[in-house]
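Visitor: Need a 3D model of the following:
(one chain, ligands or ions: 1)
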Amino acid sequence: MPDDIFSLMRDSIIAGAPDTATYLARKAIAAGTAPLDAINNGYVPGMHDVGEQFARGQMFLPDMMASAEAMRAAMAVLDPELKKLGADRPTSGVVVLGTTKGDIHEIGKILVGTLLTAHGFQVHDLGADISGEKFAAKAQELSADIVGVSALLTTTMRNQKTVIEALERSGIRAQVKVMVGGAPVTRRWAEEIGADGYAKDAMSAVALARELMNQKTGPRTPEPIGSGKVV
Ligand code: HCB
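Guide: Below you'll find the model as predicted:
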């Protein structure tokens with residue numbers, strides 16, 4: 001039963017059990033479960049639970065690291081499946097993605113990159129702990145359409161603004177749309193720092209990226225399936 005497998009997935013993250021997480025991901029795919037359902041209904045709730053337990057002092061850093069490892073193991077199975085999606089092709093564009101300076105959280109950002117790729121965007125993932133200058137330099141080099149900035153800490157959220165400032169300094173802010181996200185980020189924060197959009201999760205990020213592309217260029221003919229790639 002899907003509900004049972006979702007709760008086992010959640011438990012595998014809480015237990016920090018990569019082998020179980022891998023096994024369940026393979027089992028779900030073999031049974032025809034949509035990879036995004038496994039992520040959203042199984043593994044991500046596990047991560048949220050871990051975060052809550054950490055905040056209550058019931059889990060510690062090594063536990064959180066083990067959970068992240070289990071999440072990565074599940075994603076290693078689900079990522080290729082997600083990239084096979086693409087029945088509904090969007091307007092494509094070039095996206096530079098990264099996590100802000102001082103922040104090493106990257107699971108959510110990787111998921112955003114995977115789904116954007118699956119929907120025809122060319123994604124360049126800079127990784128985590130990235131300065132505003134690096135975002136701006138890569139956006140300039142690739143003539144990026146969108147820069148996606150992730151932040152998971154209240155202390156590193158403000159660095160999303162430094163990315164926007166770096167884009168302004170390099171003279172390309174008018175050509176690049178900026179979308180922000182991450183657990184502590186809100187729409188209001190996005191407005192406050194002058195970002196062009198906020199997405200609460202990876203599917204919303206795809207919808208937002210499409211909308212931002214429409215704002216930039218107007219609706220385009222969908223690209224052929226398989227045109228997106230992670231660079
Ligand atoms: Co970390 N950590 N952590 N952590 N961590 C959080 C984020 C806390 C909320 C946990 C808590 O206290 N409740 C907390 C932050 C508190 C705060 O600032 N308010 C916290 C803390 C405190 C810390 C350390 C400071 C702990 C310490 O050292 N004492 C430390 C910070 C290190 C640093 O960055 N300098 C730390 C370290 C870690 C790791 C390394 C153990 C591990 C990260 C591993 C990795 O990513 N490589 C980790 C983890 C796993 C978490 C939690 C448990 C899960 C994060 C996650 O992967 N979520 C997190 C608790 C939580 O968030 N509830 C906890 C799942 C993904 C799918 O969701 O929100 O990241 P997401 O992404 C979504 C969404 O936001 C959106 O789409 C994604 C996909 O749906 N999105 C975007 C994200 N980016 C976007 C960009 C866009 O343009 C658009 C949409």
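
Visitor: what about the strands in this structure?
Guide: Assigned by DSSP state E, the strands in the chain fall at 94-99, 122-125, 146-150, 177-181, 197-198.

Visitor: do you know how far the residue nearest to residue 135 when sequence neighbours are not counted is from the ligand?
Guide: Take residue 135 and drop its neighbours on the chain: the residue closest to it by C-beta to C-beta, 6 or more residues apart in numbering is residue 163, 4.7 Å away. All C-beta atoms are positioned from the backbone trio N, CA, C, and that covers glycine. For residue 163, the distance to the ligand equals 10 Å [C-beta to the nearest ligand atom, to the nearest Å].

Visitor: and residue 163, how many neighbours?
Guide: Neighbour count of residue 163, defined by other C-beta atoms under 10 Å: 29.

Visitor: for it, what are its contacts?
Guide: The neighbours of residue 163, taking C-beta atoms under 8 Å, 6 or more residues apart in numbering as the test, are 100, 132, 135-136, 147, 149, 178.

Visitor: just to revisit the earlier point, save the strands of the chain as CSV, and put in mean neighbour count, distance to residue 72 and mean pLDDT too.
Guide: Shown next, in CSV, are the strands of the chain (neighbours: other C-beta atoms under 10 Å; distance: least, C-beta to C-beta, whole Å; pLDDT from 0 to 100):
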stretch, mean neighbour count, distance to residue 72, mean pLDDT
strand 94-99, 26, 15, 98
strand 122-125, 21, 14, 95
strand 146-150, 29, 16, 98
strand 177-181, 25, 19, 98
strand 197-198, 20, 26, 98
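
Visitor: Can you add distance to residue 53 and give the ones you listed back as TSV?
Guide: Shown next, in TSV, are these (distance: least, C-beta to C-beta, whole Å):
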stretch	distance to residue 53
strand 94-99	23
strand 122-125	29
strand 146-150	22
strand 177-181	23
strand 197-198	27
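
Visitor: Quick one, which of those gets closest to residue 6.
Guide: Closest of these to residue 6 is strand 177-181, at 23.5 Å (criterion: C-beta to C-beta).

Visitor: For the protein, which residues are neighbours of the ligand?
Guide: Contact residues (C-beta under 6 Å from any ligand atom) of the chain with the ligand: 44, 47-48, 50-51, 54-55, 61, 64-65, 67-68, 102-109, 111-112, 148-150, 152-154, 179-184, 199, 201-202, 205.

Visitor: could you flag which of those residues are buried?
Guide: Buried members of the residues of the chain next to the ligand, scored by 16 or more other C-beta atoms under 10 Å, are 44, 47, 50, 64, 67-68, 103, 105-109, 111-112, 148-150, 152-153, 179-183, 199, 202, 205.

Visitor: Do you have the helices of this protein handy? List them.
Guide: With helices called from DSSP state H, the chain shows them at 2-14, 18-30, 35-37, 44-55, 61-83, 107-118, 132-142, 158-169, 187-193, 202-217.

Visitor: Cool, thanks, signing off.
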